[in-house]
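*Asks:* Sequence plus predicted model, see below.
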Amino acid sequence: MKRKIGLISGLVVLMVFLSGCDPKYPPGNLKTEPIHSIEVGESFEIKLIYPTGGLFVIGWKNQRIEVTSNPEIISVSGLTFTGLKSGSATIKITATTVLDDYSYQNGEKEIDYSVSAKIIVK
């Protein structure tokens, strides 16, 4: 009986210990503030919302937009897009983690986080 209680107590302590561990990388995905439709000739700068947490990540770099459908609808510069003609386009926004020096030295790799969005040009 004492052995069962000891085993159960040990399992409970182990579960509490493991559930309290911080992840190495932020859980979740990259997000954006709301993106509204724009007029032809109008520009819009995307504001990113980064996932938080993670022991290794100290910042973000290489934020970029890739037009994945209908590239004739918008042009892209940095995190800003401009409407070229009426229609809709799909974009993929990506950002790469920046790790602390200790993580780089221990062979941890940078990870790309991304989110897709539909852009409507009126």
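*Replies:* Yep, that arrived. Nothing here was measured: the structure is a model prediction, and the numbers come from that model.

*Asks:* any idea how far Tyr50 is from the most centrally placed residue in the chain?
*Replies:* In the chain, the centroid-proximal residue (Cα atoms, centre = their mean) is Leu30; its distance is 2.4 Å. Distance of Leu30 to Tyr50, computed by Cβ to Cβ, to the nearest Å: 6 Å. Every residue, glycine included, has its C-beta placed from N, CA and C.

*Asks:* Which neighbours do the two have in common?
*Replies:* Counting by Cβ atoms under 8 Å, 6 or more residues apart in numbering, the shared contacts of Leu30 and Tyr50 are Ala95, Tyr113.

*Asks:* which ones are touching the residue nearest to the centre of the chain?
*Replies:* Leu48, Ile49, Tyr50, Pro51, Ile93, Thr94, Ala95, Tyr113, Ser114, Val115 are the contacts of Leu30 under Cβ under 8 Å, 6+ apart.

*Asks:* now the fifth one, what's its secondary structure?
*Replies:* When you say that, I think you mean Ile93. Following DSSP: H, G, I helix; E, B strand; the rest coil, we place Ile93 in the strand state.

*Asks:* I'd like the distance between it and Thr82.
*Replies:* Distance from Ile93 to Thr82, by Cβ to Cβ: 16 Å.
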